[in-house]
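Enquirer: Curious how this folds, go ahead:
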Amino acid sequence: MRKKLGAAAAVMGSAALIATACGAPAASTASLSSSAPPAPIAAAGNGDEVSVRAGSAEDVFLLTGELRAVRSLDLATPRSEAWQVQIKWLAEDGLVVREGDRVVEFDNSAIVQGIEEKKLKLIQSQIDLASREAALAAEREEKKHALESARIAAEKARIEASVPAELREMHDWQEKQMALRRAEAAEQKARLELEVFEVSAKSDLEVLRIAGEKAAREIESAERTLGSLSLMAPRTGILVVAENWREERKFQVGDAAWPGLTVASIPDLSQMEVIGQLSEVDDGRIEAGMQARCVLDTYPDKLFSGKVEEVAAVADVPGYRTKGGFRARISLERSDPALMRPGMSVRVEVLRRRWDHALTLPRHAVSLKDGKAWVRRAGASKPVEIKVAACTPADCIIEAGLSEGERVAIR
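Expert: Below you'll find the model as predicted:
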């Protein structure tokens, strides 16, 4: 279960008083428990005193992230027979492209060679088909001739055998009857051989035709692949070259990419979001639904309101461009296509809690020891315990123990 840490940044007045650098974890809120007070400190003069102030305050957590388009059109490596294809030419990252512009070109030498081989294979299959057709045609004529000869022989034998027995000697008549049966059997055999030949010939030719059609389809497919090796911009926009995670940098000419891998994209700048990384030690400090203020590092005077949409339940593995931690997604109420670009660094102030009326004291006037908070009132030598709601490196929000205007000695 995630441990809820009470660390956060407090913002005094109506503006956030945050002294941490971008991405630095907020200071821990005092979690009070029994403990001995700090040792007495000698009283200080007025120059070492501060007053308890009243005003609005915020419990803010600082997060760093970068802009990402909610929607984008991806340009992926086309499918081909090769496991990987090499990038031969690539448009510059961040270049404004127009619809139809060439943005990526892959090496087509292997495809071109494959097409030539397939064309030779198709020609050979056509030659084999024509040769087989000629051979079968000659064999068909031979079998037809054999059948016709057998039919004529059977007809002659039938005429000879039709002479009545009383007009021939018995021995001669019996021989004619035997000759008829042999001739009819030979005719039947020749007819069956022709029928079997026709079936076999049809099958042989069909196999060769299928082989030729397959070779033709392979050529068509390879030619389509050849055409797809040049990627065109699907719309006008800014080209963003994708990250090559294996090389821990963006794709560049000479890199190999496998089919289906996105090598570039054209984002829709009309709707952007922020992706931040929450360190594992800060797990649980922000939750979905919390409001946020986002400031572009490039344009620090521009403020964009947002909301934490989700925080990943599983931490990312540390690697290229990330130190690990939990991925947080922050939506923006509005986007500015004229200023915003994917990958821009963003400082995110996540509002954990707000007090419309709160007492605040500079952090260096508060002693935090063993989960307790102590201060020394002006002119006093002994510290007194107070209760704080939250602290930043600059200020603490006082819940009990002090009143507005009270003077407190600086530690």
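
Enquirer: Please identify the helix or strand for the closest residue to Thr225 other than its chain neighbours.
Expert: Closest residue in space to Thr225, ignoring its immediate chain neighbours: Ser80 at 4.8 Å, by Cβ to Cβ, 6 or more residues apart in numbering. Bear in mind the C-beta positions are built from the backbone N, C-alpha and C, glycine included. Under the criterion DSSP states H and E, no helix or strand holds Ser80.

Enquirer: Val103 versus Ser80, what's the distance?
Expert: Separation of Ser80 from Val103 (Cβ to Cβ, to the nearest Å) stands at 18 Å.

Enquirer: How is Glu287 classified with respect to secondary structure?
Expert: coil (DSSP: H, G, I helix; E, B strand; the rest coil).

Enquirer: residues near it, how many?
Expert: For Glu287, the number of neighbouring residues by other Cβ atoms under 10 Å comes to 14.

Enquirer: Might one say that it is in contact with Val308?
Expert: Yes: assessed by Cβ atoms under 8 Å, Glu287 is found in contact with Val308 at 6.7 Å.

Enquirer: quick one: contacts for the residue nearest to Ser265 when sequence neighbours are not counted?
Expert: In space, and not counting its chain neighbours, Ser265 is closest to Ser72: 4.4 Å by Cβ to Cβ, 6+ apart. By Cβ atoms under 8 Å, 6 or more residues apart in numbering, the contact set of Ser72 is 240, 265-268, 342.

Enquirer: Which members of those are the farthest-apart pair?
Expert: Spanning the widest gap among the contacts of Ser72 are Val240 and Asp268, at 11.3 Å by Cβ to Cβ.

Enquirer: Ends of stretch 73-82, what's the gap?
Expert: With Cα to Cα, to the nearest Å as the measure, stretch 73-82 spans 24 Å from end to end.

Enquirer: Pull out the buried residues from that stretch.
Expert: 75-78, 80, 82 (16 or more other Cβ atoms under 10 Å).

Enquirer: picking up where we left off before, please report how far the residue nearest to Thr225 lies from Ala242.
Expert: Counting by Cβ to Cβ - Ser80 and Ala242 are separated by 19 Å.

Enquirer: repeat for Ser125
Expert: Separation of Ser125 from Ala242 (Cβ to Cβ) stands at 41 Å.

Enquirer: tell me the contacts of the residue positioned nearest the centre of the chain?
Expert: The residue lying closest to the centre of the chain (Cα atoms, centre = their mean) is Thr262, at 7.3 Å. Contact analysis of Thr262 by Cβ under 8 Å, 6+ apart lists 74-77, 242.

Enquirer: can you tell me which of those are in strands?
Expert: Here DSSP state E is the test, and the contacts of Thr262 give 74-76 as lying in strands.

Enquirer: which one of those residues sits closest to Glu99?
Expert: Distance to Glu99 across these (Cβ to Cβ) is lowest for Leu75, with 12.8 Å.

Enquirer: What is the end-to-end distance of stretch 360-373?
Expert: End-to-end distance (Cα to Cα), stretch 360-373: 13 Å.

Enquirer: Please spell out which residues along it are buried.
Expert: Using 16+ other Cβ under 10 Å as the test for burial, stretch 360-373 gives 360-363, 365-368, 372-373.

Enquirer: Quick one: those as CSV, columns for distance to Lys214 too.
Expert: Formatted as CSV, the buried residues of stretch 360-373 follow (distance: Cβ to Cβ, whole Å):
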residue, distance to Lys214
Thr360, 80
Leu361, 83
Pro362, 82
Arg363, 78
Ala365, 85
Val366, 82
Ser367, 84
Leu368, 79
Lys372, 83
Ala373, 81
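
Enquirer: Which of these sits closest to Ala215?
Expert: Closest to Ala215, out of all of the buried residues of stretch 360-373 and judged by Cβ to Cβ, is Arg363, at 79.1 Å.

Enquirer: tell me the pLDDT at that closest one?
Expert: Listed pLDDT for Arg363 reads 89.

Enquirer: which residues in the stretch 51-200 of the chain form strands?
Expert: 53-69, 72-76, 85-90, 96-97, 102-106 (DSSP state E, counting those that start in this stretch).

Enquirer: As a markdown table, the ones you listed with mean pLDDT and distance to Ala134 would be great.
Expert: Formatted as a markdown table, these follow (pLDDT from 0 to 100; distance: least, Cβ to Cβ, whole Å):
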| stretch | mean pLDDT | distance to Ala134 |
| --- | --- | --- |
| strand 53-69 | 91 | 64 |
| strand 72-76 | 94 | 48 |
| strand 85-90 | 94 | 42 |
| strand 96-97 | 94 | 56 |
| strand 102-106 | 95 | 44 |
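
Enquirer: Quick one: the helices in this protein, in order.
Expert: Ranges of helices in the chain, per DSSP state H, are 109-161, 170-228.

Enquirer: who's Trp89 bridged to?
Expert: Beta bridges link Trp89 to Glu105, judged by DSSP bridges.

Enquirer: now Gln277
Expert: With DSSP bridges applied, Gln277 shows beta-bridge pairing to Arg327.

Enquirer: sorry, back to before: how close does the residue nearest to Thr225 get to Ile87?
Expert: For Ser80, the distance to Ile87 (Cβ to Cβ) stands at 14 Å.

Enquirer: So Thr298 sits against Arg347, correct?
Expert: No: with contacts counted by Cβ under 8 Å, Thr298 stays clear of Arg347, the gap being 11.0 Å.

Enquirer: Settle it for me: which of those two has more neighbours?
Expert: The neighbour comparison of Thr298 against Arg347 (other Cβ under 10 Å) goes to Arg347, with 20 against 12.

Enquirer: Determine the number of other residues adjacent to Lys121.
Expert: Count around Lys121 with other Cβ under 10 Å applied: 17.
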